[in-house]
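Chemist: sequence and predicted structure, then a few things I'm wondering about:
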Amino acid sequence: MPRAKSGAMNPSNRTLIRQAALLTVGLWVATAGLFMLPALLSDFQVPISMTLGVVTTVLLGIPVSGFVLLSAMRFRDAPAWTRYGLTGATAMIVAAAITLIDAYKGAWLMRVFNPEMMPERVMFRAVVNFAGWAPLFALIAALYLILIHNAQMAAQAREMAETREAANRAALAAADAERMATSARLETLRYQLNPHFLFNTLNAISSAVVTGRADAAEAMLGKLCDFLRTTLTTPKSGMVAIEEELQTLSDYLAIEASRLGDRLRVEMHCPPDLREVPVPALLLQPLVENSIKHGVGSTSRTVVVTVDVAQIGEQIRICVSDDAGGGGLSLMPPGTGLGLANVRERLAAIYGDAASLDAAPTGNGFRACITFPAES
């Protein structure tokens, strides 16, 4: 009989044996009733030997049916014809054995309790009775095989359900891990900008103090506090509405305006219906910083930095451009590329291939355009 690895009987086997036991008892009781019913419904006086014979046969038939069950369970994983053939052969052997036992038992009971009745030849009675016992044990074997087949199907269904559940749990765990990794990566990229911008601003404040421009230094410190307060309270998702992003950008540009004065002019254009579209926080600041560093910083004239927000089909497009001219870029020392690389990494982490950053010189300056899905 199959057993669990721990040595205890497998719960599914216990259920199967319990079902088979109930079926066996019910079937043998019904068989006894069929034997006795004709005599009970007639005026025939039922001999005591017959009553004892039926009772003892039922009491014997119930346990010996266990041999058929053991055979069916022993070969439950064998090929179909092997399983059916060996179980059927076991049923016929058990039927033949119980037929002989029943024949000798019946003859003995008649001699003891009803000696006046004409005794039958034992072998003749055994052969005749086998015609009844064989179909009965064949039915028992078939019912056992059906029970085992149903148990196997139920076990397979449970195993498949457990496998799917385990796969779902693994997929959820992997998704959670990936989401946490992406979130941590985005946080790292976002906070990478703060010290980069902070050092530049503190240098500008230091320069203003050294040159005696205390009012400018104080104004920049106030704007710096507002800017940092906004950036440090960004939601954990890292996403803000475009309107909030533009406001943060305005705080940053106010700091730069205190440092650059009339050399910087800013224009922002955003349709009202796009102001609530979510965008990664601080996504535009490095692009504007590049325009200020390489554009405004390369010339003494006024430079216009423009931020345009538009929707093109199902995509949102935000462009940051300046009109500093192409000559100034070549005079500036090459940058580290941190700003543009940071923007590209964040876009890839959030949108995958659905977002892009295109940055290139134009006829009168430089332009960087971010494109990402309107629904994120």
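Modeler: Done, it's in.

Chemist: hey, where'd the helices end up in the stretch 101-250 of the chain?
Modeler: 122-210, 214-232, 242-260 (DSSP state H, counting those that start in this stretch).

Chemist: measure P373 to L249 for me?
Modeler: Per CB to CB, to the nearest Å, P373 is found 21 Å from L249. Bear in mind the C-beta positions are built from the backbone N, C-alpha and C, glycine included.

Chemist: tell me which of those two has more neighbours.
Modeler: Legend: neighbour count by other CB atoms under 10 Å for P373 and L249, higher for L249 (22 against 14).

Chemist: quick one: that one and L283 touch, right?
Modeler: No. Using CB atoms under 8 Å, L249 makes no contact with L283, being 9.6 Å away.

Chemist: contact partners for the closest residue to Y144 other than its chain neighbours?
Modeler: The shortest distance from Y144 to any non-neighbouring residue, by CB to CB, 6 or more residues apart in numbering, is to A72 (4.4 Å). By CB atoms under 8 Å, 6 or more residues apart in numbering, the contact list for A72 reads 83, 87, 141, 144-145, 148.

Chemist: let's go with 7 Å and repeat that
Modeler: Listed by CB atoms under 7 Å, 6 or more residues apart in numbering, the contact set of A72 reads 87, 141, 144-145, 148.

Chemist: which members of these are the farthest-apart pair?
Modeler: Across the contacts of A72, no pair lies farther apart than A141 and I148, at 10.6 Å, counting by CB to CB.

Chemist: now do the buried residues in stretch 291-303.
Modeler: Across stretch 291-303, burial judged by 16 or more other CB atoms under 10 Å covers 291-292, 294-296, 298-299, 303.

Chemist: now it - C-alpha only, PDB.
Modeler: The C-alpha atoms that make up stretch 291-303 are tabulated as PDB, following Å, rounded to 0.1, in the frame of the first residue of the first chain:
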ATOM      1  CA  SER A 291      20.800  74.900 -21.200                       C
ATOM      2  CA  ILE A 292      21.900  77.300 -18.500                       C
ATOM      3  CA  LYS A 293      25.300  75.800 -18.100                       C
ATOM      4  CA  HIS A 294      26.200  75.500 -21.800                       C
ATOM      5  CA  GLY A 295      23.900  78.100 -23.200                       C
ATOM      6  CA  VAL A 296      23.600  81.100 -20.800                       C
ATOM      7  CA  GLY A 297      27.100  80.400 -19.400                       C
ATOM      8  CA  SER A 298      28.600  80.600 -22.900                       C
ATOM      9  CA  THR A 299      27.400  84.100 -23.800                       C
ATOM     10  CA  SER A 300      27.000  87.500 -22.200                       C
ATOM     11  CA  ARG A 301      23.700  88.300 -24.000                       C
ATOM     12  CA  THR A 302      20.200  87.400 -22.800                       C
ATOM     13  CA  VAL A 303      19.300  83.700 -23.500                       C
END
